[in-house]
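K.L.:
Generate a structure from the sequence data that follows.
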Amino acid sequence: MSQRDLYEVLGVKRDAGDDELKKAYRRLAMKYHPDRNPDDDTAQDKFKEAKLAYEVLKDPQKRAAYDRYGHDAINGQGPGGFGGAGAGGAGFGDINDIFGDIFGDIFGGGRRRGGAGQARSRRGHDLRYTLELDLEEAVKGVEREIRVPGIGKCSDCSGSGSTSGKMNVCSTCNGAGQVRMQQGIFSVQQTCPNCGGSGREVSDPCTSCDGTGQVRETRTLQVKVPPGVDEGDRIRLSGEGGAGLQGGTAGDLYVDIHVRPHKLFTRDGDQLFAEIPIPVTTAMLGGQIKVPTLDGSVMLKIPAETQTGKTFRLKGKGVKSVRSSRSGDLMVRVLVETPVNLSREQKDLLKKFEDSLGADQSVDHSPKSRGWTDSVRDFFDRMGF
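P.N.:
Okay, here's the model as predicted:
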């Protein structure tokens, strides 16, 4: 390898600072690394040359010796020489530092350094709970008691995981909370698998929680459901989720509302819908029927000659949604009910009634039937049946 001036190798001035040296070496290392130039011996030599230059100039003592004695100091021939087994280039620890800085810049921050005092707190997990309500409870609002299984803080060790409350520096990451993995020219920083990123490990694990600081528990909570909630609505209880780690805040509990099907009503937003059977005589002659609502029953007037499927609107008898200031309506659809289990006498009366309808040809008693019959006749004519 040629003995070019080390400052010239890195392309920096003789008074260059540490940051300038590191940036220069980082640029050359990325350019000439052997993994990126497998078939270029020249690139490999330049990479080694850059490593040597950076190894020497980043160390104040080696740099001072080089500035005074030149390459004789590197080769161990001068009074301040530092050659030998270690002279020949920067080790892979330095390469990791360089590439750690590169990827730290890209992925949001430099390398994490520090000791056990830099333990990272972690927020607890959010939890979900499905609360089933009757329609009346959802519309009027209710306060319900729920039991929520989850993860809580161990009371015996106050969540530390240690019987004595003392923690040691993690033996895997030496307190940094991060470990590095080298793959070719890339250095990837990951959370320490031993301490989970806290930088500390338990020396005397708590027997109640096996050193985790967390225990399974079932808590009883009061949930206040506001009036007007609907299927799929969600109530957030802040801080009622899973316990945090290392002093972290607890997660939240999300209560999902499920409204059970109702025997009388169906709901669509602010509107309620109901189907009510009425006697055929009421449909024919008119009258009144009692209609149930969520506020009690009301009387609905049925006009004469009402056909099955007719829908009536009861204003304000629907739902006041949690998102609205007004109440919706109740839509009542009547179904004309055909009598069953008729006696002989009743059948005879109906037969006479039917004959009376057909006796007077000047009056149309079945307007829908006549219109339907005409449509069928036109259809058959077009089809050639």
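K.L.:
Spell out the residue ranges of the helices in the stretch 201-350 of the chain.
P.N.:
In the stretch 201-350 of the chain, the segments counted as helices under DSSP state H, counting those that start in this stretch are 280-285, 344-359.
K.L.:
Would you mind listing the buried residues in the shortest one?
P.N.:
Across helix 280-285, burial judged by 16 or more other Cβ atoms under 10 Å covers 282, 283. C-betas here are computed from N, CA, C, even on glycine.
K.L.:
and what of stretch 251-258?
P.N.:
251, 252, 253, 254, 255, 257.
K.L.:
Quick one: mean pLDDT over it.
P.N.:
Stretch 251-258 shows a mean pLDDT of 93.
K.L.:
Just give me how far it sits from the chain centre.
P.N.:
Computed by Cα atoms, centre = their mean, to the nearest Å, the chain-centroid distance of stretch 251-258 equals 12 Å.
K.L.:
do stretch 244-263 as well
P.N.:
Worked out by Cα atoms, centre = their mean, stretch 244-263 lies 13 Å from the chain centre.
K.L.:
Leaving out the residues flanking it, which one is nearest to residue 316?
P.N.:
Nearest non-adjacent residue to residue 316, counting by Cβ to Cβ, 6 or more residues apart in numbering: residue 327, 4.9 Å away.
K.L.:
returning to what we had before: could the helices of the stretch 201-350 of the chain be laid out in a markdown table, adding distance to residue 210 and mean pLDDT?
P.N.:
Formatted as a markdown table, the helices of the stretch 201-350 of the chain follow (distance: least, Cβ to Cβ, whole Å; pLDDT from 0 to 100):
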| stretch | distance to residue 210 | mean pLDDT |
| --- | --- | --- |
| helix 280-285 | 72 | 94 |
| helix 344-359 | 79 | 90 |
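K.L.:
Name the residue closest to the centre of the protein, please.
P.N.:
The centroid of the chain falls nearest to residue 126 when counting by Cα atoms, centre = their mean (8.8 Å).
K.L.:
I'd guessed that one sits against residue 254; true?
P.N.:
Yes: using Cβ atoms under 8 Å, residue 126 is in contact with residue 254, at 6.4 Å.
K.L.:
that older thread, so the residue nearest to residue 316 bridges to which residues?
P.N.:
residue 320 (DSSP bridges).
K.L.:
Can you show me the strands along the stretch 101-250 of the chain?
P.N.:
With strands called from DSSP state E, counting those that start in this stretch, the stretch 101-250 of the chain shows them at 127-133, 142-153, 167-169, 178-183, 186-191, 200-202, 214-225, 234-237.
K.L.:
and the angle for the second one with strand 127-133?
P.N.:
This points to strand 142-153. Strand 142-153 runs at 160 degrees relative to strand 127-133, counting by axes from the mean of the first three to the mean of the last three Cα atoms, to 10 degrees.
K.L.:
Quick check: which of the strands of the stretch 101-250 of the chain is buried the most?
P.N.:
Ranked by mean neighbour count, these are led by strand 200-202 with a mean of 23 (mean count of other Cβ atoms under 10 Å).
K.L.:
Within the sheet, what are the partner strands of that one, with directions?
P.N.:
When DSSP bridges is applied, strand 200-202 pairs with strand 167-169 (antiparallel).
K.L.:
returning to that earlier point: need the buried residues of stretch 251-258 in TSV with distance to residue 279, can you?
P.N.:
TSV is the format used below for these (distance: Cβ to Cβ, whole Å):
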residue	distance to residue 279
251	58
252	55
253	51
254	49
255	45
257	39
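K.L.:
Which of the residues you listed fall within strands?
P.N.:
253, 254, 255, 257 (DSSP state E).
K.L.:
thought the second one was touching residue 238?
P.N.:
Think residue 254. No: Residue 254 is beyond contact range of residue 238, at 10.3 Å (criterion: Cβ under 8 Å).
K.L.:
about what we covered before: now, among the buried residues of stretch 251-258, which is nearest to residue 221?
P.N.:
The closest of these to residue 221 turns out to be residue 253 (Cβ to Cβ; 7.4 Å).
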